[in-house]
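Asks: 3D model of this:
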Amino acid sequence: MKIRMLKNARGSENGTTLKSFIGGKTYDIEDSLGRVFIEEMRVAVLAHVVNLPVIFEIPEKAVAIETPEKFLPGKPRDWVGLQITPMSGGDAVTVKRINRGGKVVLSDGRLIHYSLLKREWGIANVD
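Replies: Got it, this is the predicted structure:
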């Protein structure tokens, strides 16, 4: 069976040797493994059904990663009293306290993990 991988996945055609299959490439593999990739894992399609363009290209130059202008600086304990807003939009709230285990208590009563706070929240514009 010819398949085209949509994502990277690992699988075994003979049950003993594990092989890596790279997303964007076409492979001729055993029917049983092909069905698993297509129907169960949903990481591949039949190669003759869809003629997909090459989805992975290596850029000639390094790509600059943009960082948000307003990020949460410092260590979590420095965030207490800081006014923040969700990057997706919403009202500003204040960080009330940081509990053990990285749980952040907000002024509106929400309890979120500080890793989520760093990724999806920014410093509020306080005039």
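Asks: contacting residues around the closest residue to Asn99 other than its chain neighbours?
Replies: If you skip the residues right next to it in sequence, Asn99 has Val105 as its closest partner in space, 6.4 Å away by CB to CB, 6 or more residues apart in numbering. The way it works is simple: take the backbone N, C-alpha and C, and place the C-beta from them, glycine included. Each residue near Val105 by CB atoms under 8 Å, 6 or more residues apart in numbering is listed here: 95-99, 111.
Asks: touching, Val45 and Ile38? I think so.
Replies: Yes. Look at Val45 against Ile38 with CB atoms under 8 Å: they come within range, at 6.5 Å.
Asks: so for the two, which residue has more residues nearby?
Replies: It is Ile38, of Val45 and Ile38, that has more neighbours when counted by other CB atoms under 10 Å, with 18 against 15.
Asks: excluding chain neighbours, what is closest to that one?
Replies: Distances taken as CB to CB, 6+ apart place Ala44 nearest to Ile38, at 5.2 Å, with adjacent residues excluded.
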